[in-house]
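Chemist: predicted model and sequence below, questions to follow.
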Amino acid sequence: MAKAAMNRFLKEYPDALNDGIGAIFVGAGVSMAAGYPSWSGLLGEIADELGIDSKNVHDLAALAQWSIQESGGATRVRSVIKKEIGPDKPIPETVEIIARLPVRHIWTTNYDRLVERAFQAISRPLDSIAGAKDLALKATPGAALLYKMHGSVDRLDDIVISTDDYELFRSRRGQYLPLFQAHLTSMSMLFIGISFTDPNIRHVLSLIRESFTEAPPEHFAIVRAPKRSDFKSKDEYAARLAQHNLWVKDLKRYGLIAVEIDDYDEVPRLLREIERRVAARRVWVSGSWPIDQGGADTTHIHSLAESVGRRIGESNRNLVTGAGLLVGSASLSGFLSALRNGGGWDLDRRLIARPFPQPLTGREPNDEEWNALRRELARQAGIAIFLGGAKLNNGMLEPAKGVLQEFRFAQDDGVFLLPIGATGGAAKEISDQLIRSPYSSSGTDALRPTDKELSALADPTLLPSKKGRDLLVNTIFKIIDRVAKTS
């Protein structure tokens with residue numbers, strides 16, 4: 001059962017992300033990985049003041065409520081949260097990967113700013129919605145949305161912490177509920193860092209149960225079983241493990257499919273695999289060819305690039321392009337023609353374009369700006385097809401340095417490298433470099449085609465005829481399909 005759940009997760013969740021319907025819920029375990037305290041650790045100081053052992057209190061929200069009642073206000077509890085949650089901690093790899101995934105909606109009950117800082121680190125726009133009134137604000141164009149259901153450390157006067165806050169959630173922060181219900185209905189949500197001891201998660205699960213009393217929509221939850229090393233005694237470990245196993249079974253009532261792991265270190269590895277599988281459907285067509293060259297080669301490369309772009313669209317993959325001379329426009333034209341057959345309604349999701357700003361005649365391009373765009377293209381792609389890549393120098397064709405630079409960036413980012421040597425230029429040079437290279441050509445870590453496939457794609461006799469170009473396209477996508485199956 002555990003293996004079946006893992007297989008479903010690795011297959012279905014990347015598809016949801018690629019289809020634009022993947023969402024994420026970030027629980028307290030993610031913050032703990034950064035060094036923030038658990039709930040019992042957070043309220044340990046409060047418990048000591050009340051003469052209570054927080055480890056023996058199962059209702060931690062009640063502990064905060066008791067402190068508020070004893071002190072006559074929430075100032076003491078908020079001061080502890082500010083001290084413990086306020087300082088910036090190193091961003092865990094899990095959160096860094098979340099920021100890179102094509103997810104537009106992130107939910108959390110955590111107070112910290114890890115997600116905001118991870119997005120800021122890669123200059124990706126994010127709107128943080130920490131209060132109910134924030135839902136009425138106009139979203140930043142292109143920004144992902146972070147719904148902080150229980151508030152944020154930078155707005156301590158409006159956080160959910162006590163029993164009162166949970167019981168009055170519907171009246172004070174009820175504006176979140178219709179949206180949360182809509183996302184649970186229409187999206188595939190991944191829950192990370194959740195635990196049955198977390199009162200926030202118990203609250204969220206109660207909201208799901210309230211919304212879907214029968215046959216709730218299915219989602220995934222990565223959960224870690226307790227380990228013997230977590231506890232002082234065997235009896236305590238056995239009791240907690242029994243509770244965990246019952247809780248995992250109970251998650252089915254809320255539509256959550258438990259993806260079980262042995263250790264939290266597995267979470268970044270799982271998310272990296274999700275990231276790789278998402279990227280495998282993004283195909284970067286890198287290349288260029290001097291338009292003023294003319295001749296048969298120009299026509300043949302244009303035709304091949306157009307066919308490649310069309311096949312990308314027809315096979316439900318996404319095109320990554322820098323709109324390079326001739327090759328970029330031809331592949332884009334083919335891709336758009338394939339999408340038009342279906343109405344082109346999902347163009348905004350399936351086309352990832354970073355066009356290179358062309359300088360005025362007589363001026364040199366901005367290398368720094370162009371290389372930044374090349375890095376972005378490499379980061380977005382899982383597969384890079386290299387077509388042509390040539391420029392004129394004193395009337396003679398030579399490999400385009402820009403395409404070779406794109407090859408190096410793709411290498412650095414672990415992109416699958418697919419040069420079509422038959423098209424000459426940089427593609428031929430890249431093909432020659434990869435043949436008999438130590439890069440793997442099979443399995444989940446494959447970075448290039450086999451030597452036999454590279455040789456077949458480098459046959460210059462195939463380019464001049466339509467039959468030969470069709471054979472090249474078929475070979476390209478047989479390789480891509482094989483890579484996708486190992487993902």
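Modeler: Cool, the structure landed.

Chemist: what is the helix-or-strand element of the chain with minimal mean pLDDT packed up against?
Modeler: Least confident helix or strand of the chain, by mean pLDDT, DSSP states H and E, is helix 39-42 with a mean of 80. Packing contacts for helix 39-42, counted by 3 or more CB pairs under 8 Å, 6 or more residues apart in numbering; DSSP states H and E, involve helix 75-85. Just so you know, the C-beta spots here come from the backbone N, C-alpha and C atoms, and that holds for glycine as well.

Chemist: list the buried residues of the helix it packs on.
Modeler: Neighbour-count burial for helix 75-85 flags 76-78, 80-81, 84-85 (criterion: 16 or more other CB atoms under 10 Å).

Chemist: again with stretch 66-75
Modeler: In stretch 66-75, counting by 16+ other CB under 10 Å, buried: 66-68, 74.

Chemist: repeat that for stretch 439-453.
Modeler: 441, 446-449, 453.

Chemist: want to try a markdown table for the residues you listed, with pLDDT, distance to L50 and secondary structure as columns?
Modeler: Compiled in a markdown table, the buried residues of stretch 439-453 are given as follows (pLDDT from 0 to 100; distance: CB to CB, whole Å; DSSP: H, G, I helix; E, B strand; the rest coil):
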| residue | pLDDT | distance to L50 | secondary structure |
| --- | --- | --- | --- |
| S441 | 92 | 64 | coil |
| A446 | 91 | 58 | coil |
| L447 | 94 | 58 | coil |
| R448 | 97 | 63 | coil |
| P449 | 97 | 66 | coil |
| E453 | 97 | 69 | helix |
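
Chemist: and the two most separated of the residues you listed?
Modeler: Pairwise distances across the buried residues of stretch 439-453 peak at 13.0 Å for L447 and E453 (criterion: CB to CB).

Chemist: run through who's touching the helix or strand harbouring A238.
Modeler: Using DSSP states H and E, A238 sits within helix 234-250. Defining contact as CB atoms under 8 Å, 6 or more residues apart in numbering, one finds that helix 234-250 is touched by 196, 223, 225-228, 230-231, 258, 260.

Chemist: give me the buried subset of these.
Modeler: Counted by 16+ other CB under 10 Å, the contacts of helix 234-250 give 196, 223, 226, 258, 260 as buried.

Chemist: narrow those to those in strands?
Modeler: Among those, the residues falling in strands (DSSP state E) are 223, 258, 260.

Chemist: these two touch, right, the first one and V259?
Modeler: Looking back up the chat, that one is V223. Yes: using CB atoms under 8 Å, V223 is in contact with V259, at 7.1 Å.

Chemist: distance to F386 and pLDDT added to the ones in strands among the buried ones among the contacts of helix 234-250, as CSV?
Modeler: Shown next, in CSV, are those (distance: CB to CB, whole Å; pLDDT from 0 to 100):
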residue, distance to F386, pLDDT
V223, 42, 89
A258, 42, 92
E260, 41, 90
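
Chemist: now tabulate the residues you listed in JSON lines and tack on distance to L177.
Modeler: Converted to JSON lines, these look like this (distance: CB to CB, whole Å):
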{"residue": "V223", "distance to L177": "25"}
{"residue": "A258", "distance to L177": "25"}
{"residue": "E260", "distance to L177": "29"}
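
Chemist: for F407, give its distance to V115.
Modeler: 34 Å (CB to CB, to the nearest Å).

Chemist: ok, now G313?
Modeler: 33 Å.

Chemist: show me where the chain has its strands.
Modeler: Counting by DSSP E, the strands of the chain are 22-26, 105-108, 126-129, 144-148, 188-192, 219-224, 256-261, 282-288, 318-321, 351-353, 383-388, 390-393, 396-399, 416-420.

Chemist: CSV for the ones you listed, including distance to Y237?
Modeler: Output for those, formatted as CSV (distance: least, CB to CB, whole Å):
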stretch, distance to Y237
strand 22-26, 27
strand 105-108, 29
strand 126-129, 38
strand 144-148, 34
strand 188-192, 24
strand 219-224, 14
strand 256-261, 17
strand 282-288, 44
strand 318-321, 47
strand 351-353, 48
strand 383-388, 46
strand 390-393, 65
strand 396-399, 62
strand 416-420, 44
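
Chemist: quick check: S441 touching D451?
Modeler: Yes: between S441 and D451 a contact is recorded at 7.4 Å, counting by CB under 8 Å.

Chemist: what about stretch 260-273, start to end distance?
Modeler: Distance between the two ends of stretch 260-273: 16 Å, counting by CA to CA, to the nearest Å.

Chemist: also stretch 353-369?
Modeler: From start residue to end residue, stretch 353-369 stretches across 15 Å - CA to CA.

Chemist: repeat that for stretch 129-139.
Modeler: Stretch 129-139 has an end-to-end distance of 10 Å (criterion: CA to CA).

Chemist: stretch 391-411 now?
Modeler: 22 Å.

Chemist: avg pLDDT for it?
Modeler: For stretch 391-411, mean pLDDT is 91.

Chemist: that one: which residues count as buried?
Modeler: Quick answer for stretch 391-411 (16+ other CB under 10 Å): 391, 397, 399-400, 402-407, 409-411.

Chemist: can you put the residues you listed in JSON lines and add distance to L418?
Modeler: As requested, the buried residues of stretch 391-411 are exported to JSON lines (distance: CB to CB, whole Å):
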{"residue": "K391", "distance to L418": "21"}
{"residue": "L397", "distance to L418": "22"}
{"residue": "P399", "distance to L418": "17"}
{"residue": "A400", "distance to L418": "17"}
{"residue": "G402", "distance to L418": "18"}
{"residue": "V403", "distance to L418": "13"}
{"residue": "L404", "distance to L418": "15"}
{"residue": "Q405", "distance to L418": "17"}
{"residue": "E406", "distance to L418": "13"}
{"residue": "F407", "distance to L418": "11"}
{"residue": "F409", "distance to L418": "15"}
{"residue": "A410", "distance to L418": "10"}
{"residue": "Q411", "distance to L418": "13"}
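
Chemist: so which of those is the closest to P125?
Modeler: The closest of the buried residues of stretch 391-411, once distances to P125 are taken by CB to CB, is F409, at 23.1 Å.

Chemist: where along the stretch 51-200 of the chain do the helices fall?
Modeler: 60-71, 75-85, 93-100, 114-121, 163-167, 169-173, 176-186, 199-211 (DSSP state H, counting those that start in this stretch).

Chemist: so what touches the fifth one?
Modeler: Spelled out, it's helix 163-167. 59, 61-62, 64-65, 68, 150, 159-160, 172, 199, 203.

Chemist: now swap in the fourth one and tell me
Modeler: Counting by CB under 8 Å, 6+ apart, helix 114-121 makes contact with 26, 30-31, 34, 88-89, 91-92, 95-96, 98-99, 106, 108, 125-126, 128, 144, 146, all of which sit outside it.

Chemist: that older thread, name the residues contacting each of L447 and E453.
Modeler: Counting by CB under 8 Å, 6+ apart, the residues touching both L447 and E453 are S441.

Chemist: give me the mean pLDDT for stretch 164-172.
Modeler: So the average pLDDT for stretch 164-172 ends up being 89.

Chemist: next, the buried residues of it.
Modeler: So stretch 164-172, judged by 16+ other CB under 10 Å, has buried residues 164-166, 169.

Chemist: then it to PDB, C-alphas only?
Modeler: What follows is stretch 164-172, C-alpha atoms only, in PDB (Å, rounded to 0.1, in the frame of the first residue of the first chain):
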ATOM      1  CA  ASP A 164     -10.700  31.100  21.400                       C
ATOM      2  CA  ASP A 165      -9.000  31.900  18.100                       C
ATOM      3  CA  TYR A 166      -9.800  28.400  16.700                       C
ATOM      4  CA  GLU A 167     -13.400  28.400  17.900                       C
ATOM      5  CA  LEU A 168     -14.000  31.900  16.400                       C
ATOM      6  CA  PHE A 169     -12.000  31.200  13.200                       C
ATOM      7  CA  ARG A 170     -15.200  31.200  11.100                       C
ATOM      8  CA  SER A 171     -16.300  34.600  12.300                       C
ATOM      9  CA  ARG A 172     -12.900  36.300  12.400                       C
END
